[in-house]
Structure formats: C-alpha cells, structure tokens
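Participant: Sharing a model that was predicted from the sequence below.
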Amino acid sequence: MSNSSALSSSCCALILAAGKGTRMHSKKPKVLHTILGEPLLGHVAGALRPLFGEAVWAVIGHEADMVRAAFAGRDLRFVEQKEQLGTGHALMVALPELKRAGMKKVLVVNGDTPLITTDALRDFMFYAEGADVSVATLTLENPGAYGRIVRQNGELRAIVEAKDFDVSFNGAATAEIYTVPSTGGRATGEINAGIYMLNLDAVEILVPKLGNENKSGEYYITDLVGMAVAEGMVVRGLSCGSDPNLLGINNPAELAASEELRRRAIVEERLAAGVAMHGPGMVRMGPYVTVEPGAELFGPCELYGHTHIASDVIIESHCVIRDSRVESGTVVHSFSHMDHAEVGPDCLVGPYARLRPGAVMERGAHMGNFVEMKKARLCEGAKANHLTYLGDAEVGARANIGAGTITCNYDGVNKYKTIIGEHAFIGSNTALVAPVTVGAEALVGAGSVITKDVPDGDLAVARGKQMNVHRK
C-alpha cells in the first residue's frame, strides 16, 4: 500500500459514516456537510490515507448513493449498511469484507471528526499495539451525550452509552459516578472518543454476542469492551487528555466552530511556510490547497479543492478559486472566480473575470473585467479585456478580442467550436456563430455577425448598411 510502509499490509481503517445526522436539519447525510469545501468524510479519509494508503473503508447507509457519487474517483472503498442498527451493527456488516481482504487489524473512526490528525491516529495505534481492543478516551468538564468510560484500578472495564447512563452522586455534587455491577468499575467524566483499534480475530469472537437490549435498541460497538474483559482479552483505554479535535460534529453550530479551527490552523501553517497574507483572518483555504512560499493573498478570498497557487502569484480580495492552477507571475484581480481552470505564468485575470471548467490561459494572456471563459483557451499573449464570452473556443497567440464579443457555441441541440488564428483582431460587439474559423491576422469589423470562415489576413464585415433618416 502506498504511503503506509510503517504499517502492516494487513492493517486497515474503517470509517463509520452511515448515520443520518438529524440534528444537522438537512436532507443530505451528515458526513457530506463541508468544512472549507471538503466533506467531513473527506477530511477523515485524508487523515487516514498517509497511514493506510488505499486500505480505507467507509460504512455508509443513509443516502448511500449520494455519498458514493460525492466520492467517485477517490481511493475510498464502501460497505453499505442497509439498516442503520448502530455502530456495532456497522462493524458486523463490514467484518466479512475486511476478512476477505486479508485484514488482521482495523482502526475504527467516526466520519464526523474532521479535525482528527494523522499524527494523533499514529500515536494512538502505537500505544494500542498488542491489545485486542483499544479505545481512545477524553476527559471533559461536561461529558454531555458522550459514552462514559468505566475503569477499575485504572484499567478500562466498560463503556456506558449516555442514554443508558444513570447518575448517582458520591457525596460531592461535581462527581458523577456510575457503578457497573458486573465489573465493579466506575464511570466519571472520562468519555469515549469514538476511536478504536481492534484485532479482527477477537472481533469475530465478540461480534456474534452483541445484543441490543438498551434504550436505543441498537448494537453498540462500545459493548465490545466489557465483552472483551469478560473473555480475558487484552483491553486498553488510552487517555488523549481533553483534545477537542477528536470530537465529532453534531449540529450546525459545532460545524461552524470546527470549520474556523481548521481554517485557522491551515492559514497559520501557510504563513509559517512563507506565504504572504493580508487579512489572514479572512482567508479560507481547503486542506488540499497548495500555495508556494512567495505567493501573496489578500483577504477575503477562498481557495478550495486541489487548487495550486505558485510563487509570485498575487490573489486580490474577494476571489474564489476551486480545483485550479495559477502559475508564477500571474495577478488575479478582485472578484474573479475560477473553477477547474488553468492559468499560465505572467497572466492578468480580472477584475470580475470568470473561468469555468476547461478554461486555459497560456503565458502572458489577458482576461479582463466581465469576461467569461468555458472550455476555451487563450494562447500565449492573447487578450480578451472587456465584456466577452468565450465558450468552446481557441484564441491564437497574440490575438485581440474586442469588447462585447461572444462565441455563439450552442444551437439549442449541440455545441460547436470557434477557432481564432494568431494575431487576429476581432472588433467590438462581434458574434461568432460556431462552428467557424477566423484565420491568422484576419480582421473582423465591429458589430459583425460571422457565420462563415474568414481566410487568413482577410477583412470580414457582416452587418446591415447604415441609413441616416432626417428627423422632423
């Protein structure tokens, strides 16, 4: 497996991502809600890939097809939990798939924990080595709705889900204690972080014994702890302090808070690496965005997806760039948008420019205010400076496109291409009805509607004759 040489090839990761997330008040699954343009599930998978390469599975259920579509083409494997009967049931569903793939150990994490880091997971796995069942724990002032950890003489004995947790007091109003009769252990403010390292041979023994005799009527993965203790297996509860980055997201307020934490961390990392930012508190940058040292960003601006910004690029304020490349020496003026576009070196973009998927600008090209490109190329030194639409078009080197020019690429059924040769000059307010070719060094008069090819070097004028009528 690529990127995972430190781990055994029989070790994998399983993301629990089947839930509806009703507290998000949305029709889409919780794991598809985004932080900095990336779904929650994508953040979690991104933290796992350096450890496991392609050996990452996600259990999906609610709107499973929607989740699959959102991750089409990515290195993520899916197991569908058709009935959402709890986290233990999700493990039951996934177990045969993991065993068929030859896996011996599995790291289980929740799909709604976008702030989790590769380093934190690596550390947890190191401490879990040799155990049959290991759980990461946190200690919170307000345990809330999280499952409580039960320990005896410091050793993990069980986990009690919040819905099944009855509070009694041990004489002090601040000390919540829950006694588990079968173990003699006690639950306090230590909670389950939802991260597990499991030996699959042990899981095969325990999973068939899982029951759903609880207030939710669900099969809990947390019950594996008490069951493993009863079987005399090696069980560990590894305290991770009070790190909030390990907690899941349950509602829009927590989503917003987590997004700001992630945004700030990414921005601070880029600043430390040498990226200049003006108003860094207003710069939003996704986890897969790369910005080379020496680039200069003016907030507010937004960079998402797999965008790459080279050194010596200037991105002015109010720009939104997604899954695009911008090469060195280019200036992107304010209020410009890019989506799946490529901008070469030393270009000028905007203000108020829009580059849609398939837009390409070669070295030194200019794309000015209120110009839109879609599946079109401005070759080296070509210019379209004002009020222009270029769709399904190729503009030759050093050609000039006058203000108000449009390529009429769609006839209501099909789309066609417009080709403009090198050094051609297209006069203002011209409509080029595709398919059509304007030759090299040709000149098109302003206000023309061009429906036929223009040979190299020719002048084309296609407009009605002017009439001046005397007014009384």
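Facilitator: Here it is on my side, so go on.
Participant: okay, CA-based contacts and neighbour counts for the rest of this
Facilitator: Fine.
Participant: show me where the stretch 101-250 of the chain has helices.
Facilitator: Along the stretch 101-250 of the chain, counting by DSSP state H, counting those that start in this stretch, helices occupy 118-128, 200-206, 223-230.
Participant: Show me the one of those helices that comes nearest residue 458.
Facilitator: helix 118-128 (62.5 Å; Cα to Cα).
Participant: so where's the stretch 151-300 of the chain uncertain?
Facilitator: 162-188 (pLDDT under 70).
Participant: Next, the angle helix 223-230 makes with the lengthiest strand in the chain.
Facilitator: The longest strand of the chain (DSSP state E) is strand 185-199. Relative orientation of strand 185-199 and helix 223-230, computed by axes from the mean of the first three to the mean of the last three Cα atoms, to 10 degrees: 100 degrees.
Participant: before we move on, back to that, tell me which of the helices of the stretch 101-250 of the chain lies nearest to residue 445.
Facilitator: helix 118-128 (60.6 Å).
Participant: Check whether residue 288 really touches residue 309, as I assumed.
Facilitator: No: the pair residue 288 / residue 309 is not scored as a contact, 11.6 Å apart, by Cα atoms under 8 Å.
Participant: Comparing the two, which residue is more hemmed in?
Facilitator: The neighbour count for residue 288 versus residue 309, taken as other Cα atoms under 10 Å, is higher for residue 309 (27 against 18).
Participant: For the longest helix belonging to the chain, which residues meet the burial criterion?
Facilitator: The longest helix of the chain (DSSP state H) is helix 252-273. Buried positions in helix 252-273, judged by neighbour count with 16 or more other Cα atoms under 10 Å: 255, 258-260, 262-264, 266-267, 270.
Participant: do stretch 27-41 as well
Facilitator: For stretch 27-41, by 16+ other Cα under 10 Å, it's 28-41.
Participant: What of stretch 130-142?
Facilitator: Buried residues in stretch 130-142 (16+ other Cα under 10 Å): 132-140.
Participant: Those in strands, which ones?
Facilitator: 133-139.
Participant: For residue 338, give me its contacts.
Facilitator: Residue 338 makes contacts with 320-322, 324, 354-357, as judged by Cα atoms under 8 Å, 6 or more residues apart in numbering.
Participant: Apologies, that question was intended for residue 238.
Facilitator: Contacts of residue 238 by Cα under 8 Å, 6+ apart are 124, 127-128, 134-137.
Participant: Please report how far it lies from residue 374.
Facilitator: In this view, residue 238 and residue 374 are 53 Å apart by Cα to Cα, to the nearest Å.
Participant: quick one on the thing from earlier: mind giving me the packing neighbours of the longest strand of the chain?
Facilitator: strand 105-110, strand 133-139, strand 148-152, strand 155-160, strand 176-180 (3 or more Cα pairs under 8 Å, 6 or more residues apart in numbering; DSSP states H and E).
Participant: As CSV, those strands with distance to residue 119 would be great.
Facilitator: Shown next, in CSV, are the helices and strands packed on strand 185-199 (distance: least, Cα to Cα, whole Å):
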stretch, distance to residue 119
strand 105-110, 14
strand 133-139, 14
strand 148-152, 24
strand 155-160, 24
strand 176-180, 32
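Participant: Those: which one's closest to residue 85?
Facilitator: strand 105-110 (15.4 Å).
Participant: so how far is that closest one off the chain centroid?
Facilitator: 21 Å (Cα atoms, centre = their mean, to the nearest Å).
Participant: Give the pairing partners of that strand; include direction for each.
Facilitator: Using DSSP bridges, the strands paired with strand 105-110 are strand 11-17 (parallel), strand 185-199 (antiparallel).
Participant: Reformat those as a markdown table; add distance to residue 349 and mean neighbour count.
Facilitator: Formatted as a markdown table, those follow (distance: least, Cα to Cα, whole Å; neighbours: other Cα atoms under 10 Å):
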| stretch | distance to residue 349 | mean neighbour count |
| --- | --- | --- |
| strand 11-17 | 41 | 26 |
| strand 185-199 | 46 | 23 |
